[in-house]
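Chemist: Prediction below, plus the sequence it came from.
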Amino acid sequence: MRTTVRRAATAALILGLAVVPAGQAADGHDTGPRARVWVTTVDRAELMAERAPVAFGTGSSAHPTIVVDPDRTEQTVDGFGASITDSSANVLHGLAPAVREETMRKLFDPVHGIGVSFLRQPVGSSDFTAAAEHYTYDDVPAGQTDFPLAHFSIAPDEAKVLPLLREAKRLNPALKVMGTPWSPPAWMKTTDSLVGGRLKDDPAVYDAYARYLVKFVEAYAAAGVPVDYLSVQNEPQNRTPDAYPGTDMPVAQQLAVIEALGPKLRAASPRTKILAYDHNWATHPNDVAATPPGSSPETDYPYQVLDSPAARWVAGTAFHCYYGDPGAQTALHDAFPDKGIWFTECSGSRGPTDPPAKVFRDTLTWHARNVVLGTTRNHAKSAVNWNIALDSTGGPHNGGCGTCTGLVTVHPDGSVTTDAEYYTIGHLSKFVKPGAKRIASTSFGTTGWNGQVMDVAFRNPDGSTALVVHNENDDPRAFAVKVGERLFEYTLPGGALATFTWPRHHALRGKLDQVSLDGATATASPTGEGAERLADDDASTRWSSGQAQAAGQHVQLDLGSREQFRRVAVDSGGNLGDYARNWELSASDDGTSWRTLATGADVGQLTEVDVRRTAARYLRVTSTGAAGNWWSIADIRLYD
């Protein structure tokens with residue numbers, strides 16, 4: 001929280017730094033390395049358009065400053081993409097061969113397209129099926145069974161889906177493929193139907209279903225499409241699918257399937273990893289309401305799976321976007337840090353009367369916040385949309401979603417247009433390569449529209465950096481990007497999404513190592529209301545202090561143990577102007593006797609204070625004046 005106080009403004013100086021325009025040395029010559037930049041705007045005036053490069057310079061900035069630290073790493077990236085559903089394959093195959101070839105190149109070619117690098121493929125039929133009848137790979141007449149799986153066949157995919165998958169792999173050899181079933185064969189289910197119902201609670205059925213999934217993996221590999229990841233049920237808590245395949249799979253049944261599948265899959269295809277859950281960030285109220293009488297709604301589904309003996313077969317958890325918040329991924333990661341997080345489905349949507357301009361703007365801004373940045377800042381190794389291609393009516397589909405959008409739209413005249421999701425995924429997939437690692441970067445926005453600048457950064461296998469930035473405000477917003485001792489300033493139009501890239505460069509390496517503050521706590525005075533510890537979603541420890549800027553007020557940190565540091569960075573975040581006009585930095589070993597390390601006055605959101613190497617357990621930042629502005633602290637970082 002924040003409160004108001006009035007105090008007189010003072011002259012400003014950032015300790016130890018002379019203000020020099022970004023990209024210029026003190027003599028005015030351009031000396032810094034450059035960042036390339038691509039921008040997509042909500043009005044479609046720029047669509048991943050490459051602008052003039054921007055040069056890194058020295059000095060400081062009065063704007064909110066994104067500090068990128070390439071040496072602090074988080075999850076490894078698998079890829080970004082969508083799904084070639086049966087419907088997608090149908091509309092793509094309906095194109096003239098030259099148009100289809102160009103569309104595939106725009107989707108999958110890393111140089112001439114956006115380099116889609118992850119596909120999540122339905123195992124059998126989903127709601128996005130062009131055929132009149134839903135199917136699996138082992139359908140038999142009603143009343144019959146096929147425990148030997150003698151009728152198993154991937155023939156439904158051979159005409160359209162598999163040729164496109166092979167072409168995608170040819171265009172992007174780094175492409176990863178995930179398989180997800182919407183339903184087991186009907187003869188395995190309590191309803192004898194692909195729509196709704198559960199698996200029969202029979203060890204022989206669990207075993208047959210496990211063998212069915214293994215045969216899918218083997219058949220796809222033989223067809224030239226190795227499967228890297230496999231979940232055992234799409235949206236296992238969606239108990240009432242709307243006329244399309246779906247299965248209510250409670251935790252106990254998922255565990256039984258995984259226990260049967262794990263050893264078989266490891267023997268048949270060691271490369272293929274099992275992902276649990278594959279559903280929303282939080283249990284949807286409709287799914288809770290549809291819980292059968294006498295059963296639990298299992299709102300902690302992924303926790304139960306990862307806390308079970310079956311977790312030894314599971315690489316991690318897959319999430320969807322249709323309810324909850326991506327922060328759920330970090331909560332699960334913190335509980336099970338050895339297990340991975342994958343984000344595997346989110347579709348854009350359009351209302352029946354929404355004009356195309358509104359659909360584009362709303363999809364771009366929501367997906368930028370929640371899918372592009374929200375998932376990746378919360379440990380996701382992938383970010384995957386739903387259909388890669390649909391027709392102009394949002395189909396064909398067989399039940400289910402009638403308002404979904406794809407990455408591209410195929411029109412009745414045979415032309416193809418790119419949609420907002422092409423650009424949201426493209427701002428990741430074209431510039432962030434499989435094997436990249438997410439690196440620490442300060443971010444001021446949230447997955448809710450708070451009008452700030454939100455970002456995520458990655459270090460590619462070749463050492464280059466990609467920084468994706470979204471302006472959550474309707475108006476232009478200026479910000480700075482700082483790497484080591486270099487920075488540049490930039491302004492993005494309202495709602496715009498941008499990717500900045502720069503190569504490995506010795507001039508951008510940081511001189512100091514960040515001190516871990518994982519065990520630290522913070523308090524604020526004199527109101528006693530405290531400083532709030534924020535989510536650790538970017539490999540740095542963050543606090544928000546809303547304490548007013550009256551003389552004598554301070555934020556105090558207990559580092560948990562005696563730490564050494566040579567620099568303290570105090571970041572006032574994205575609320576422009578909410579920095580301390582005058583401050584004092586002091587340290588203590590016991591929290592009682594304090595020694596002053598430095599004093600000064602600020603001119604911008606980020607203050608970096610260099611001190612003699614100091615060892616202390618407690619650190620205090622004190623406001624030493626009064627002004628008519630707020631005082632916010634979003635980040636405090638220590639370096640040695």
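Modeler: Perfect, thanks for sending it. Residues are numbered from 1 along each chain as shown.
Chemist: which residues of the stretch 501-640 of the chain fall in strands?
Modeler: Taking DSSP state E, counting those that start in this stretch as the criterion, the stretch 501-640 of the chain contains strands spanning 521-525, 532-533, 542-545, 554-571, 583-588, 594-600, 606-623, 633-639.
Chemist: Mean pLDDT for those - can I get that in a markdown table?
Modeler: Conversion of the strands of the stretch 501-640 of the chain to a markdown table gives the following (pLDDT from 0 to 100):
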| stretch | mean pLDDT |
| --- | --- |
| strand 521-525 | 76 |
| strand 532-533 | 45 |
| strand 542-545 | 45 |
| strand 554-571 | 90 |
| strand 583-588 | 91 |
| strand 594-600 | 92 |
| strand 606-623 | 91 |
| strand 633-639 | 85 |
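Chemist: So which of those is nearest residue 318?
Modeler: For the strands of the stretch 501-640 of the chain, proximity to residue 318 was assessed by CB to CB; strand 542-545 is nearest, at 27.1 Å. Using the backbone N, CA and C atoms, a C-beta is placed for each residue, glycine as well.
Chemist: so how far is residue 187 from the residue of the chain most remote from its centre?
Modeler: Largest separation from the mean C-alpha position in the chain: residue 143, at 44.7 Å (CA atoms, centre = their mean). If you measure residue 143 against residue 187 using CB to CB, to the nearest Å, the figure is 8 Å.
Chemist: try residue 509
Modeler: 61 Å.
Chemist: Strands of the stretch 1-150 of the chain, start to end?
Modeler: Under DSSP E, counting those that start in this stretch, the stretch 1-150 of the chain gives strands at 34-40, 49-55, 65-76, 79-83, 118-123.
Chemist: and the strands of the stretch 501-640 of the chain as CSV, adding distance to residue 62?
Modeler: As requested, those are arranged in CSV below (distance: least, CB to CB, whole Å):
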stretch, distance to residue 62
strand 521-525, 24
strand 532-533, 25
strand 542-545, 20
strand 554-571, 13
strand 583-588, 16
strand 594-600, 15
strand 606-623, 9
strand 633-639, 16
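Chemist: would CSV of these with mean neighbour count and distance to residue 403 be doable?
Modeler: Putting those into CSV (neighbours: other CB atoms under 10 Å; distance: least, CB to CB, whole Å) gives the following:
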stretch, mean neighbour count, distance to residue 403
strand 521-525, 19, 45
strand 532-533, 13, 38
strand 542-545, 22, 37
strand 554-571, 18, 41
strand 583-588, 20, 52
strand 594-600, 15, 55
strand 606-623, 19, 43
strand 633-639, 22, 37
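Chemist: Select, out of the ones you listed, the one closest to residue 224.
Modeler: Among those, strand 542-545 comes nearest to residue 224, with 46.3 Å by CB to CB.
Chemist: Identify all contacting residues around the longest helix along the chain.
Modeler: Secondary structure of the chain read by DSSP state H shows that its longest helix is helix 203-222. With CB atoms under 8 Å, 6 or more residues apart in numbering as the contact definition, helix 203-222 has outside contacts at 123, 137-138, 147, 149, 152, 154, 162, 177, 179, 181, 184-185, 188, 199, 226-227, 230, 232, 253, 256-257, 259-261, 264-265, 268-269, 272.
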